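*Asks:* I need the structure of the sequence given here:
(4 chains)
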Protein chains: 2
Amino acid sequence: MSLETLKQRALANPEVKAEYDQLEGEFSLIDQLLSMRTEAGLTQTQVAERMQTQKSNVSRLERGNANPSWATLTKYAHACGYQLTIKPIKAR
Amino acid sequence: MSLETLKQRALANPEVKAEYDQLEGEFSLIDQLLSMRTEAGLTQTQVAERMQTQKSNVSRLERGNANPSWATLTKYAHACGYQLTIKPIKAR
DNA sequence: TTGAGGGTTATCATATAAGATAACTGAAGG
DNA sequence: CCTTCAGTTATCTTATATGATAACCCTCAA
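*Replies:* Have a look, this model is predicted:
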């Protein structure tokens, strides 16, 4: 059996599927956070200062070991010079 | 005609669309959540079921008495048939 | 070498988001 | 009137995000 087929079968399981979608979302979120900061040319330490928190917490956020609140996301974005909205996309 | 339809028509106009994108930061997260659900034609109870939670919690979310986590937002969006990403907008 | 800067990880305390239940309102239909 | 359905609010409990501190790994330049 191919790896791909295994993946298909796994994704047929609703719980696994949910996990998977969750991860996909998380990855892209992190990518977007990171590019906001790099785009702004700031270090984690600088962003941390502007967010009034610690660099370790910013790292945690960017490493994806977090499930940040909307408030945290907007603070981060604002620290990087961005406004934040959500972009809902109709799932197929 | 629903408010949502009016909004769609207005956004068909490129000039209005541009204006809208500028102002989008002003629109609340809550508005976007609500329109996802109404767009999907679902009740809070239905969304709650799909999110595997209670209708009261969905209400809390939509009433804005909350600072939802990213996981909660994506669960809600998925329940309404949407994928979710963030949309960072450069602040002036 | 060493020291500094950027980032990561571990850990603890505390604030708070989320789950669960129940009682309520208001509207629509019978 | 009742009853049903959608939504709201209050409250308690539990899970977890966040704040804070400290130690660590790199790389690079002095």
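*Asks:* where does pLDDT dip in chain A?
*Replies:* Under the criterion pLDDT under 70, the flagged ranges of chain A are A:1-27.
*Asks:* contacting residues for residue A:38?
*Replies:* Listed by C-beta atoms under 8 Å, 6 or more residues apart in numbering or on different chains, residue A:38 has no contact partners. Where C-beta positions appear, they are placed from N, C-alpha and C, glycine not excepted.
*Asks:* where's it relative to residue A:29, distance?
*Replies:* The gap separating residue A:38 from residue A:29 is 15 Å, by C-beta to C-beta, to the nearest Å.
*Asks:* what does residue A:45 give?
*Replies:* Distance, residue A:45 to residue A:29, by C-beta to C-beta: 22 Å.
*Asks:* the more surrounded of those two?
*Replies:* Neighbour count, other C-beta atoms under 10 Å in any protein chain shown: between residue A:45 and residue A:29, residue A:29 has more, with 21 against 12.
*Asks:* now do the same contact list for the more buried one.
*Replies:* By C-beta under 8 Å, 6+ apart, the contact list for residue A:29 reads B:70, B:85, B:86.
*Asks:* mind putting the residues you listed into JSON lines with distance to residue A:91?
*Replies:* Listed next are the contacts of residue A:29 as JSON lines, based on distance: C-beta to C-beta, whole Å:
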{"residue": "B:70", "distance to residue A:91": "17"}
{"residue": "B:85", "distance to residue A:91": "12"}
{"residue": "B:86", "distance to residue A:91": "17"}
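*Asks:* chain A next: which of the residues you listed are close?
*Replies:* B:70, B:85, B:86 (C-beta under 8 Å from any C-beta of the partner chain).
*Asks:* I'd say the first one and residue A:71 touch.
*Replies:* No: the pair residue B:70 / residue A:71 is not scored as a contact, 11.2 Å apart, by C-beta atoms under 8 Å.
*Asks:* quick one, which of these two is more surrounded?
*Replies:* The neighbour comparison of residue B:70 against residue A:71 (other C-beta under 10 Å) goes to residue B:70, with 21 against 11.
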